[in-house]
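Asker: could you look at this predicted model? Sequence included:
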Amino acid sequence: MTRQKVKMAFIENESSRKATYKKRKRGILKKANELATLCGVPVGVIIDSPYDLTPEVWPSREDMDNVLSQLQRLPVMDRTKKMLNQESYLKQSISKASETCKKLTKENKELEMKEVMFDCLSGKTSPSRIEKNDLGGCGNVIEQYLRNLNRRIEILSKNDGASSSSVHVVASTSVAMPIVELGSSSTAFCDMIRQQQIQSNMNQNVGGLDLNQQQW
Amino acid sequence: MVIKNKGRQKIEMVKMKNENNLQVTFSKRRSGLFKKASELCTLCGAEIVVIVFSPGRKVFSFGHPNVDVVIDRFLKINPHHPHQNNNLQLNEACLNAVVQDLNNHLTQVTEQLEEEKKRNEDLKQKRKDDKKSENWWEDPIEGFNLRQLTEFKCGLENFKKTVTTEASKYLQATGHNFYFGSSSNATFGIFDNDGNTNSESDLFNHRRLVDMNTFSGNHQNMIIPHPSTTPYGNNVIERFAPEHNQNQSQYCFKQERASECDRQPDHPPHYRHEYC
């Protein structure tokens, strides 16, 4: 449903404003009715404008009087705790939206860094090509991963290592995990890992389980 | 047609049966109702009051210009529109300006939020699409056996060394000192350690300059520069940023928020204090 986005500002055009007022007033009353019915709660609305001779009251004057007397019966504290006007309402909305946005930005950064990390590990790129500003974020993702890995290692080591491996067997991956090259020392390490893998592949009982089936 | 949520289905206009759903519905719909009310006021300049009681008998209300004024008028305590007073008109104009400002800000933040949401979806979709890759370590680690876990761990630690090396190479190249701190969220000013008078102003420009995420093993506390290491100490910071009105430790934290805000080029400066 593509519509023109409405700018949240006072509508200068008189007839446009009047038309909008009529439509939106109807809409608000409808929503108020739905809220009251679906949730079985007292709701009262008063809308007043230069376009109405008398203020619009919903559900009715008597019901509104009821709502107001219920309101008066409450102690001041309870009455005003959740009382808002435009200013306070907008401020509240802004801070909520900002919070959510901040969290999302953080999550997005982490997801992005994860991709960078995977790209490095699979040789698509290398640490020297990582954006300098991202090095820290990348580091954090690595740390997080290492923490989780250690935790999993601990768990699996506590349980019998043999029995768990029979469930999570990797269908023959001949792709050894490439180690990011950093001089001869890591190449040797790389080779060592590859050797280990070939060795264990030979020793292991390949159960033919697909990688995808591992996920539980 | 796959129905993603109840919003695309017709619902009966009767009181909801499920207590939990009722509470959730109440929260969402009340929030939506207030939003509509706020929009009506902004767009059409109407006066409104909405009073809602929750299932738990708590009361929520929204009113423009404010709840009490509109109620009073309804109860005929104060008769219609006292617009005689010039002062009142001035106040009203002021209020409208503030509200308009807030509306603009909200629009901006909402747009940003939408962008981040879209980016989030895209990133997650990309990961889904890439799942068919042959790299077993890209799968969730819950599926790894002990051998894979240790192997991956070795690989990662090696990778970490490379990254650390790159980071320190960069630090050396740029010749700045870093104050290492907590998580990736923290941003740090790059303080020029020359100690000459230029860096007085640099202290506060650098805050905005580079948003460096450096990582360290210390995830607990932000290491705050010890007063003796900054050439000027606490007093200078207060002198140069009187409007911030905070002590040094807060300054370091505020740095993060200030620079995050300043990242937005069209972000009106005065919002920084209240909303960031």
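Answerer: Thanks, I have the structure now.
Asker: element containing the nearest residue to B:His64 once chain neighbours are set aside, please.
Answerer: Distances taken as C-beta to C-beta, 6 or more residues apart in numbering or on different chains place B:Cys41 nearest to B:His64, at 4.2 Å, with adjacent residues excluded. In short, each C-beta sits where N, CA and C put it, glycine included. Using DSSP states H and E, B:Cys41 sits within helix B:19-44.
Asker: over to A:Lys124?
Answerer: Counting by DSSP H and E, A:Lys124 is found in no helix or strand.
Asker: could you say which helix or strand holds B:Phe152?
Answerer: helix B:146-174.
Asker: got it, and B:Val99?
Answerer: Counting by DSSP H and E, B:Val99 is part of helix B:86-129.
Asker: what's the average pLDDT for that helix?
Answerer: The average pLDDT within helix B:86-129 is 89.
Asker: try stretch A:83-98
Answerer: On average, stretch A:83-98 scores 95.
Asker: ditto for stretch B:165-183
Answerer: For stretch B:165-183, the per-residue pLDDT averages 66.
Asker: ok, now stretch B:40-51?
Answerer: Here the average pLDDT along stretch B:40-51 is 94.
Asker: and for residue 67, the neighbour number?
Answerer: If you meant another chain, say so; for now it's chain A. 21 (other C-beta atoms under 10 Å in any protein chain shown).
Asker: can you look at chain B instead?
Answerer: 22.
Asker: quick one, what contacts it?
Answerer: A:83, A:85, B:49, B:51, B:61 (C-beta atoms under 8 Å, 6 or more residues apart in numbering or on different chains).
Asker: which elements pack onto the helix holding B:Phe152?
Answerer: Where contact means 3 or more C-beta pairs under 8 Å, 6 or more residues apart in numbering or on different chains; DSSP states H and E, helix B:146-174 is packed against helix A:86-121, helix A:135-158, helix A:161-167, helix A:184-203.
Asker: what is the orientation angle of that helix with helix A:86-121?
Answerer: Angle, helix B:146-174 to helix A:86-121, by axes from the mean of the first three to the mean of the last three C-alpha atoms, to 10 degrees: 110 degrees.
Asker: next up, phi/psi of A:Lys5, please.
Answerer: Phi and psi for A:Lys5, reported as degrees, to the nearest 10, are phi -70, psi 130.
Asker: can you count the residues close to A:Phe10?
Answerer: Count around A:Phe10 with other C-beta under 10 Å applied: 15.
Asker: for the closest residue to it other than its chain neighbours, give its distance to A:Asp48.
Answerer: Excluding the flanking residues, the one nearest A:Phe10 by C-beta to C-beta, 6+ apart is B:Gly45, at 5.9 Å. To A:Asp48, B:Gly45 is 11 Å away according to C-beta to C-beta, to the nearest Å.
Asker: okay, these two: which has more neighbours?
Answerer: Neighbour count, other C-beta under 10 Å: between B:Gly45 and A:Asp48, A:Asp48 has more, with 20 against 15.
Asker: what's the local residue count around the nearest residue to the more buried one once chain neighbours are set aside?
Answerer: Spatial nearest neighbour of A:Asp48, excluding adjacent residues (C-beta to C-beta, 6+ apart): A:Pro55 at 3.8 Å. Counted with other C-beta under 10 Å, the neighbours of A:Pro55 add up to 17.
Asker: picking that back up, which helices and strands does the helix holding B:Val99 pack with?
Answerer: helix A:86-121, helix B:19-44.
Asker: I'd like the ones you listed laid out as CSV, including distance to A:Asp65 and mean neighbour count.
Answerer: Shown next, in CSV, are these (distance: least, C-beta to C-beta, whole Å; neighbours: other C-beta atoms under 10 Å in any protein chain shown):
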stretch, distance to A:Asp65, mean neighbour count
helix A:86-121, 25, 18
helix B:19-44, 20, 18
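Asker: those: which one's closest to B:Tyr170?
Answerer: With respect to B:Tyr170, and counting by C-beta to C-beta, the nearest of the helices and strands packed on helix B:86-129 is helix A:86-121 at 15.5 Å.
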